[in-house]
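1. Predicted model and sequence follow; I will ask about them next.
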Amino acid sequence: NAGVTQTPKFRILKIGQSMTLQCAQDMNHNYMYWYRQDPGMGLKLIYYSVGAGITDKGEVPNGYNVSRSTTEDFPLRLELAAPSQTSVYFCASTDASGRAKAGELFFGEGSRLTVL
Amino acid sequence: AQSVSQHNHHVILSEAASLELGCNYSYGGTVNLFWYVQYPGQHLQLLLKYFSGDPLVKGIKGFEAEFIKSKFSFNLRKPSVQWSDTAEYFCAVRSGGYNKLIFGAGTRLAVHP
């Protein structure tokens, strides 16, 4: 199993450009998440999804959009990139069933985005 | 809204020293608490978790954490650290449904040989 795969790993954008961060998982997890990590701020939840076709906002959704057309994929779109979106983005997934796995998120390796 | 505070942003230790990283959460009801670790160049992974029962939970690589409800704390400990424990450590609390986690700001631990 590859686990959670994110692409690209690094990207530099100009202000106003758009891009999509890709996330795919091969563990058949229902729940998927996008977090951003800023220095000294921990991880903040951007969006999450509980299944194909179902998404919802997290703590910091402004400037982002998501879709979930399949169980495996959960892309994050930045429409008009701003310097405030310079961050490291992490995708994660988890199995919704059972307490044994509850809260155990599986993370991708991260995508470092710089907006200049 | 729930929040998580980690008191130490940077910790530097020598090998074999004891480690305690502080974590406090804001919610007063039933909580599920976690410690995640991010080794250099790797993705975040679960170190240990608390749901209920014995307030002292043991995780991987000799780490343990103690849940103290009266202090709203979930501190991470290790009796003797190794150079390979150099990493960033995040405390987290489960917030609401759908396994959403709220993370603290993280603590960077550097262990010198």
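-> Yep, it's here.

2. Where does pLDDT dip in chain B?
-> Low-confidence segments of chain B (pLDDT under 70): B:28.

3. in what helix or strand does A:Ile46 lie?
-> Mapping A:Ile46 onto the secondary structure by DSSP states H and E places it in strand A:42-51.

4. Against which helices or strands is that strand packed?
-> In terms of contacts (3 or more CB pairs under 8 Å, 6 or more residues apart in numbering or on different chains; DSSP states H and E), strand A:42-51 is packed against strand A:31-38, strand A:54-57, strand A:64-66, strand B:101-103. (Each C-beta comes from the backbone N, C-alpha and C, glycine too.)

5. strands paired with it, and their directions?
-> Partners of strand A:42-51 in the sheet, by DSSP bridges, are strand A:31-38 (antiparallel), strand A:54-57 (antiparallel).

6. now those as TSV including mean pLDDT?
-> Shown next, in TSV, are the strands paired with strand A:42-51 (pLDDT from 0 to 100):
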stretch	mean pLDDT
strand A:31-38	95
strand A:54-57	96
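
7. List the residues that contact the residue most central in space within chain A.
-> Among the residues of chain A, A:Trp34 comes closest to the average C-alpha position under CA atoms, centre = their mean, at 2.6 Å. By CB atoms under 8 Å, 6 or more residues apart in numbering or on different chains, the contact set of A:Trp34 is A:21, A:23, A:45-48, A:58, A:64, A:66, A:74, A:76, A:89-92.

8. which residues touch A:Glu72?
-> With contacts taken as CB under 8 Å, 6+ apart, A:Glu72 has the following neighbours: A:24-26.

9. and which of the residues you listed is nearest chain B?
-> The nearest member of these to chain B, counting by CB to the nearest CB, is A:Gln25 at 12.3 Å.

10. List the contacts of the closest one.
-> Going by CB under 8 Å, 6+ apart, A:Gln25 touches A:3-5, A:32, A:72, A:74, A:91, A:93, A:106.
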